[in-house]
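>>> got a structure for you, letters missing:
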């Protein structure tokens, strides 16, 4: 029976074209998705690097504001420079890279190296307090604050 054309080659050609088109479309979509994910990862990495640089700059500013790597008494003061007899005031201090801190005459609370700390005092007469800070190498620095009692 040689009279009719064989439909197999047409179906085979149509199927081959369908498979090729499908694979090509799938490859294009897959390539596009890969590019989207890669470009977003690059953008995220760039944003994270900028944020990290900004945090480092802020951290450096904070460390510098706290005295950096230098040994120093950043502040020492009485919150109330004048009090009435029987009243109280806070002695506040701030040190940078101190190993020990003492206040004399001794206030009514422990003192230790700190960036910001206050201790309460209730002097009976006008008193000048001395803060002495010592670093790890034995160097000392001092400051005074006076509370006037009326």
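Thanks, I have it. Because the structure is a prediction, the values reported are computed rather than measured.
>>> Follow the chain on from the helix or strand harbouring residue 43 and name the next helix or strand.
Under the criterion of DSSP states H and E, residue 43 resides in helix 8-65. Sequence-wise, the next helix or strand downstream of helix 8-65 (DSSP H and E) is strand 72-78.
>>> Can you give the distance from that following strand to the centre of its chain?
Strand 72-78 sits 25 Å away from the centroid of its parent chain (CA atoms, centre = their mean, to the nearest Å).
>>> so what strands line up beside it?
Paired with strand 72-78 in the same sheet, following DSSP bridges, are strand 89-96 (antiparallel).
>>> Kindly state the domain boundaries assigned to this structure.
The chain breaks down into these domains under automatic domain parsing: 6-65, 72-149.
>>> okay, those domains, which one's buried deepest?
Comparing these by mean neighbour count (mean count of other CB atoms under 10 Å), domain 72-149 ranks first with a mean of 15. Placement of C-beta: from N, CA and C, glycine included.
>>> Quick one: end-to-end distance for that domain.
Length of domain 72-149, first residue to last, CA to CA, to the nearest Å: 29 Å.
>>> do the same with stretch 92-104
13 Å.
>>> hmm, who's touching that stretch?
66-79, 91, 111-119, 129-136, 143 (CB atoms under 8 Å, 6 or more residues apart in numbering).
>>> cool, and stretch 138-150?
Contacts of stretch 138-150 with the rest of the structure, by CB under 8 Å, 6+ apart, involve 71-73, 76-78, 80-85, 87, 89, 91, 93, 121, 123-134.
>>> can you list the domains of the chain in TSV and add mean pLDDT?
Conversion of the domains of the chain to TSV gives the following (pLDDT from 0 to 100):
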stretch	mean pLDDT
domain 6-65	90
domain 72-149	92
